[in-house]
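**Q** 3D model of this:
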Amino acid sequence: LGTTSPSGAKLHVYEGSSSVSLKVERGDGSLGLVSAGGSTTFFGTGDATDVEIGTNSSPLMFLDHSASNIGIGTTSPSEKLDLYSTSDADIRSTVVSDSDYPSLILRRADSSTTLVDNGDVTGNIQFWGYDGDQYLRTAEISSAVDATAGNNDMPGRLTFSTTADGATSPTERLRITRSG
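**A** Take a look at the predicted model:
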């Protein structure tokens, strides 16, 4: 469409201006869009509907429009990024460089990006196991502000917690404070 010399594709849409769009619309007004213009390509919907990306009629990725959540392996993501698999859900970050390395960065500010307070938790890494009925935490590592913070001053602590036999939630076992 829009060209007299298609590039070997079954469908070739060409627009000579700065952007081109492909619109697929259903009778009820729901529509899907692919739009390329400038340095951005948009793939999504033109209305308030979810987006599924998949193969063989099975969803691989699900974008929940109402909560702005992304699901990989699930069509009901409950977090900003929700990974689900019955076989493997590892996350890998590889950097091949002499001067850089992979990082997991957890950041927190109080509302409206204001200063965090003493005792505010700045991040958690939680480990969960299934007990046959529900998922329960087995352990967690927590980071928190460990004194009054200020400009270029962020005192912190790490807390390591594990769940005892017969218990359902972790108990603090080790604390490394701002003093070391």
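**Q** touching the strand or helix carrying Ile53 from outside, list them.
**A** Here Ile53 sits within strand 51-55, counting by DSSP states H and E. Contacts to strand 51-55, defined as C-beta atoms under 8 Å, 6 or more residues apart in numbering, come from residues 43-45, 59-63, 65, 75. Where you see a C-beta, it was placed from the backbone N, CA and C, and this is true even at glycine.
**Q** put the buried members of those into a ChimeraX selection.
**A** To isolate the buried ones among the contacts of strand 51-55 in ChimeraX, judged by 16 or more other C-beta atoms under 10 Å, type:
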select :59,62,63
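**Q** mind checking which of the contacts of strand 51-55 land in helices?
**A** When DSSP state H is applied, the contacts of strand 51-55 are split such that none fall in helices.
**Q** circling back to that earlier point, what's the mean pLDDT across the strand holding Ile53?
**A** Taken as a whole, strand 51-55 has an average pLDDT of 86.
**Q** so which bits of that strand are buried?
**A** For strand 51-55, burial by neighbour count (16+ other C-beta under 10 Å) applies to no residue.
**Q** I figured Arg178 hits Ala147, correct?
**A** Yes - look at Arg178 against Ala147 with C-beta atoms under 8 Å: they come within range, at 5.9 Å.
**Q** what do the two both touch?
**A** Pro155.
**Q** who has more neighbours, those two?
**A** Ala147 (15 against 11; other C-beta atoms under 10 Å).
**Q** can you check the pLDDT for Ser66?
**A** We note a pLDDT of 91 for Ser66 in this prediction.
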